[in-house]
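Enquirer: dropping a prediction and its sequence here:
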Amino acid sequence: MKMSIRENSMVRAQAGQSIVETVLMMPVLLMLLLNAINFGYFFFTITNLAAAPRVGVEYSIMGSATPSAIALPATGPSNTVLSSSFLTYEDMRGALNAPTANASVQVCSQSAGILSAGTATAHAACVPYTAAGVTFTFPAAQVDPEAPLFVLHQVDVAYKFTPLIPGTVFNVLLLTFPTCDANGVCVLHRQSVMRGM
C-alpha cells in the first residue's frame, strides 16, 4: 500500500510541528525542573538545620551526665571536642555544605556564666562562634519564667544557604522567603531552648 504524495507531506508536517513544540516547551520544563531541585535542596537544608541546635542545647544540659564529663560542657571553642558548639557543628557536617564556613553558632549556657544571678531576670551568658561569610545578629538569651530557680540554655544557628543552581529564574520559589535575596542566597536561623537547673 503506497502513500499518496499529499499524505506523505502531512506526516512530515506533523513531525516538524512536534519538534517545534518540544523546542518551545523545553525552557519552561527546564525552569520548572531546576526550581524543583533548588526548592528540594532548600527544604533538605532546613530539615537538617533544625536538628543541630537541638542536639547542641541538649548536650549543654546533659553533657555532665555522660561518663566523659563531670561538669557542664564548655560552650566552645568550636574545635574543642567536648563543647556544645563543636557538637552543633558536627551535627551539621554530615548534611550541610561547609558548616564551619557557612554557619555561625551562639551558645547560651550556665557554663558561660549566669547574668543577673539570684534575680527574676537571671539568664545564661551567650558566646557566639561566627563564620566569616555569615552576618547575623543573634537574639539575646531568654529568661525562664521561673528564674532564678531555672535557667534556660539556648543554642542558635545561622546558616548561609546557597542554592545548587544559581540564577533568579531558577530560584523563583525561594524569592517568597523574606530572608532570601534575588539570587536565592538565604540566611536561615534556627534556635532551640531547654531548661536547666
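Expert: Looks like it came in fine.
Enquirer: can you list the buried residues in stretch 167-183?
Expert: Neighbour counts over stretch 167-183 (16 or more other Cβ atoms under 10 Å) mark Phe170, Asn171, Leu173, Leu174, Cys180 as buried. Where you see a C-beta, it was placed from the backbone N, CA and C, and this is true even at glycine.
Enquirer: hmm, who's touching the longest strand along the chain?
Expert: The longest strand of the chain (DSSP state E) is strand 103-115. Residues outside strand 103-115 that contact it (Cβ atoms under 8 Å, 6 or more residues apart in numbering): 56, 60, 71-76, 78, 84-85, 88-89, 92, 96, 122-131, 134, 136, 138, 141, 151-160, 196.
Enquirer: how about the helices in the chain?
Expert: 5-62, 84-93, 99-102 (DSSP state H).
Enquirer: now for the last one, which elements pack on it?
Expert: Contacts of helix 99-102 with other secondary structure elements, assessed using 3 or more Cβ pairs under 8 Å, 6 or more residues apart in numbering; DSSP states H and E, are made with helix 84-93, strand 151-161.
Enquirer: mean neighbour count, distance to Asn38 and mean pLDDT added to those, as CSV?
Expert: Shown next, in CSV, are those (neighbours: other Cβ atoms under 10 Å; distance: least, Cβ to Cβ, whole Å; pLDDT from 0 to 100):
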stretch, mean neighbour count, distance to Asn38, mean pLDDT
helix 84-93, 24, 20, 90
strand 151-161, 25, 10, 93
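Enquirer: now the angle from the helix or strand bottoming out on mean pLDDT in the chain to strand 151-161?
Expert: Here the helix or strand of the chain ranked lowest by mean pLDDT, DSSP states H and E is helix 5-62, holding a mean of 83. With axes from the mean of the first three to the mean of the last three Cα atoms, to 10 degrees as the basis, helix 5-62 and strand 151-161 are set at 150 degrees to each other.
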